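> just coords:
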C-alpha cells in the first residue's frame, strides 16, 4: 500500500478537523467564526480524505446525492428560520419572536444558531460539490450528478 | 401572522425557499408544477403589494426587526412596486409555458435543477427591486446573475455555443457586479451608511472625488448589467443560445431590473443636486442611449437568427430608456419607466413566440420562419401583434412608450431627440418587417429538415404567450396602470431628488 504515512496521518487528522469545524461553527456567536468558515473547514476534511484515498473512496462515504440534499437543506434552515419567525408573528428573521417572553433576547441566540447552522451546511456541501466536479475531471458532467 | 404586514418580503422569500425545495423534488413534472404554483403565488403577492402601495403610499419593512439605517430595509414605493409586478408577472407567464419547451430542450434529469435555478433567479431579481439597502442590492444581483449563468448554460444541450455565451456573460456580469460593489464601498466610505434613503441624506452637499468615483463605478457596473450600448457584448449570444423559455424570461426582466437600479441610484440616492449626475446624463447616457438606438437596431436588421435579432433589438430598446432618463426631467423619467414595463411585455411575448417555433421546428434561424403563417398561424399572429407593439403601432403598448418619449423630448427641449426616436422606430419596422414578410408572404421551405409538416404549438404554450400579447393590447389602450403609475412614481422620485 503506497503513501502509508500520508494515509495514517490523514486518518489521524480527519476527526480533529471535523471537531474544529464544529467548534468554529458553534462558537461563532461569541468569537471569530461562523457558518461560512466552519463549512469550509468541514469540507476540507473530506477534501483531504479524497486527496489521500482517491475521490471514489470519498464518494462512497459521502455521495453526491447527499450533498445535493444538504445544500437545499442548508438554504431551507436559513430561510425556514425566517419563515418560522414570520409565522410566530415577527418580521422575517426577527429572532425575538422565537422566545417572546425572554428578558434578555434569548430568541436572538436560537435564531443565529439555526441560521448559521444552515449556512455551514450549505457551504460545506457546496464546497464539496465544486471539489467533486473539478477533481472528477470528466469531460462532460453526467446530468445525474449535477 | 399578519399577512398584509409581511407583504413586502413575501415576493422575494417565497420563490427563494421554493427554489431550494425544487432541488429535492423528483424529476419530471413535479418541479415544473411547483415552480408554476410558486411564481403565481409570488405574482399574487406583488399585485397585492402594488395595490396597497398605490392606495396608501410607500411601505417600509424591517428585516429581522432591525430599524433602518442599521438593518436591511425593504422599501416599496410605486417605482419598484411596478417593477416587482412586471418581473413576477412575466415569471408567472413563463413558468407554465416552460413545461413543454424545457422538456424538449433540456435533459429531463436536469429539470429539478432548471426550476430551482429559475425560482432563485426570480427571487434574486425581485430582491434587487424590493430592497432599500445598497449592499443587499449587490447580494441579490449576484443571486440572480449566478442562477442566470446556469440557466443560459443549460442551452448547451441544444447548441454548444450556449456554454461560451454563458461564460462570457459570467465574466462580464461579474465585472459589472464588482464595479457596482466598489462603488457602493466608496459611498459607504464617504457616508458610513448603506441604506438608500440614508445615503441620500448623507450625500447631500458632498461633491468630492470619492463620491464621484463611487458614482462612476456604479454607473459602469450597472451599465454592464443592463447592456448599455458599448457594454452589451454579452447579451446577444446569451439570449440567442439560452433555452427558449429562459431567453423570454431574461429578455423581459433582467435588464429591466438593472435599469430600475440605475433609476434608483440616480434619483433616490444621488439626486439632481449632485452636479456630476447632470454631466453623466448629458455626456454619457444621452449619446450612448442614442448610439444604442441606432447601432444595435441596425445590427438587428442584418441578423440571420431571429433570437439574435430580438436580442440586438433589446439593446436598442434599452437605448430608449436611457434617452428618457438622460433628460433629467419628470416626463423623461416617467417615459423611461413606462418603456421599461412595456418593453418587458413585448419582448416577453416575442421571445415566447420564437420559443413556440423552436419547439416545433427546432430552429430559430430566419429560414424556419418562412411561410409560418400557413403552418403555425396562432403563433405567427402572436409574433406579428407583439412585433407591431415593438415598432410602436397605435393600440399597442409600444405606441404608449413612444408617445411619452416623444412628449418628454419636446418638453425637455430636445426636438432632435424626437426625430431620432421616430427614425430608429423606422429601423424597427425593417427588422420586424423582415420576419413578418417571411412568415406571411413566403412559401414554407420545400426541402430539408424544416420542410416536414408541423402542427401548431400545444395549448400550454399558446395560452401564456397570448396572455402576454393580450397584455400588450390591453395596456396599449388602458394606460392608467402602466403610464399612470409610472408618472406618479416619477413625480415621487423627482420630489426626493430635488428636480422639478
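Right, received. Where do you want to start? This is a predicted model, so every value here is computed, not measured. Numbers count the residues shown, from 1 in each chain, chains lettered A, B, ... in the order given.

> residues contacting residue B:428?
Residue B:428 makes contact with B:297, B:313, B:316, B:390, B:391, B:392 under the criterion C-beta atoms under 8 Å, 6 or more residues apart in numbering or on different chains. To be clear about C-beta, it is placed using only N, CA and C from the backbone, and glycine gets the same treatment.

> Show me which of the residues you listed is closest to chain A.
residue B:313 (33.2 Å; C-beta to the nearest C-beta).

> In chain A, where is pLDDT below threshold?
Applying pLDDT under 70 to chain A flags residues A:1, A:137-146.

> hey, where'd the helices end up in it?
A:4-27, A:35-53, A:55-61, A:64-87, A:106-136 (DSSP state H).

> With respect to chain B, which of the ones you listed lies nearest?
Nearest of the helices of chain A (C-beta to the nearest C-beta): helix A:64-87, 3.9 Å.

> Kindly supply the PyMOL command isolating those of the contacts of residue B:428 that are buried.
The PyMOL selection below is limited to those of the contacts of residue B:428 classed as buried (16 or more other C-beta atoms under 10 Å in any protein chain shown):
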select buried, chain B and resi 297+313+316+390+391+392
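
> got a list of what the closest residue to residue A:85 other than its chain neighbours touches?
In space, and not counting its chain neighbours, residue A:85 is closest to residue A:97: 4.4 Å by C-beta to C-beta, 6 or more residues apart in numbering or on different chains. Applying C-beta under 8 Å, 6+ apart to residue A:97 gives the contacts A:85, A:88, A:89, A:90, A:107.

> likewise residue B:6?
Neighbours of residue B:6 in contact, by C-beta under 8 Å, 6+ apart: A:86, A:91, A:92, B:61.

> Could you list the buried residues of stretch A:30-40?
For stretch A:30-40, by 16+ other C-beta under 10 Å, it's A:33, A:34, A:35, A:36, A:37, A:38, A:39, A:40.

> Near residue A:19, how many residues? Count them for me, please.
Applying other C-beta atoms under 10 Å in any protein chain shown, we find 12 other residues in the vicinity of residue A:19.

> actually residue B:3, not the one I wrote
Around residue B:3 there are 10 residues (other C-beta under 10 Å).

> Name the residues of chain A found near chain B, please.
A:68-69, A:71-73, A:75-76, A:79-80, A:82-83, A:86-96, A:143-144, A:146 (C-beta under 8 Å from any C-beta of the partner chain).

> tell me which strands and helices the helix or strand harbouring residue B:347 is in contact with?
Residue B:347 belongs to helix B:330-361 when elements are defined using DSSP states H and E. Under the contact criterion of 3 or more C-beta pairs under 8 Å, 6 or more residues apart in numbering or on different chains; DSSP states H and E, helix B:330-361 touches helix B:78-105, helix B:244-263, helix B:306-326, helix B:377-391, helix B:397-411, helix B:459-477, helix B:485-497.

> Tell me the buried residues in the helix or strand that comes right after it?
Sequence order places helix B:372-375 as the next helix or strand after helix B:330-361, per DSSP H and E. By neighbour count on 16+ other C-beta under 10 Å, the buried set for helix B:372-375 is B:372, B:373, B:375.

> Quick check: mean pLDDT of helix B:372-375?
Helix B:372-375 carries an average pLDDT of 90.

> one step back: nearest to residue B:301, of the contacts of residue B:6?
Comparing the contacts of residue B:6 against residue B:301 with C-beta to C-beta places residue B:61 closest, at 46.2 Å.

> returning to that earlier point: can I get the contacts of residue B:428 in TSV with pLDDT?
Listed next are the contacts of residue B:428 as TSV, based on pLDDT from 0 to 100:
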residue	pLDDT
B:297	95
B:313	95
B:316	95
B:390	94
B:391	94
B:392	92
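
> Which among the residues of chain A next to chain B count as buried?
Using 16+ other C-beta under 10 Å, the buried ones in the residues of chain A next to chain B are A:68, A:71-73, A:75-76, A:79-80, A:82-83, A:86, A:88, A:90-96, A:143, A:146.

> Tell me which residues touch the residue nearest to residue B:155 when sequence neighbours are not counted, please.
Leaving aside its chain neighbours, residue B:155 sits nearest to residue B:162 (3.4 Å; criterion: C-beta to C-beta, 6+ apart). With contact set as C-beta under 8 Å, 6+ apart, residue B:162 has these partners: B:152, B:153, B:154, B:155, B:156, B:241, B:242.

> Kind regards, and thank you for your time.
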